[in-house]
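*Asks:* Sequence and predicted model, in that order:
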Amino acid sequence: MKIFNAALIALAVSNVAAFAPSTPSFGLRQAVPASVVELEAKKSIEDLTDEELKGKKVLVRCDVNVPLDGKTITDDTRIRSSIPTIEFLKSKGAIVTVCSHLGRPKDGPEDKFSLGPCATRMGELLDQEVTLAP
């Protein structure tokens, strides 16, 4: 009987190992081979084709938070830096809308934070009228 019990225990222990992982992997991530993961290159606006842009409405968020002295822009660098993107989109037939914000009003709209001067300057640089939303 002792021999039978010893053989049964030996058989049971050998079968348990078949269900256990060969290496401890609890909490460890398996490395993915580099060939499996391929990253797509970051796209830019130049990657958009004429067909993708022609007649499409494009919303461009520009940072035109420029320094003002009253209603006079003292440095229009941020506005000038947005012009090439807007002109590129227009040349491809896109309908461009530009959005931005100026300052941080605390209690609702304040006249000193109006984008009016920015719209006027952008219109001068684009050589066309830029309509400011109400």
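*Replies:* Yep, that arrived.
*Asks:* contacts and neighbour counts: CA atoms only from here.
*Replies:* Noted.
*Asks:* Run through the protein and note the low-pLDDT ranges.
*Replies:* Scanning the chain with the threshold set as pLDDT under 70 gives 1-38.
*Asks:* any chance you could map the strands in it?
*Replies:* 57-61, 68-69, 72-73, 95-99 (DSSP state E).
*Asks:* what residues are up against Glu52?
*Replies:* Glu52 is in contact with no residue at all, counting by C-alpha atoms under 8 Å, 6 or more residues apart in numbering.
*Asks:* Enumerate every residue touching Lys57.
*Replies:* Contacts of Lys57 by C-alpha under 8 Å, 6+ apart are Ala94, Ile95, Val96, Thr97.
*Asks:* Please tell me I have it right and the third one contacts Phe88.
*Replies:* Same thing as Val96. No. Val96 lies out of contact with Phe88 (C-alpha atoms under 8 Å); the separation is 10.1 Å.
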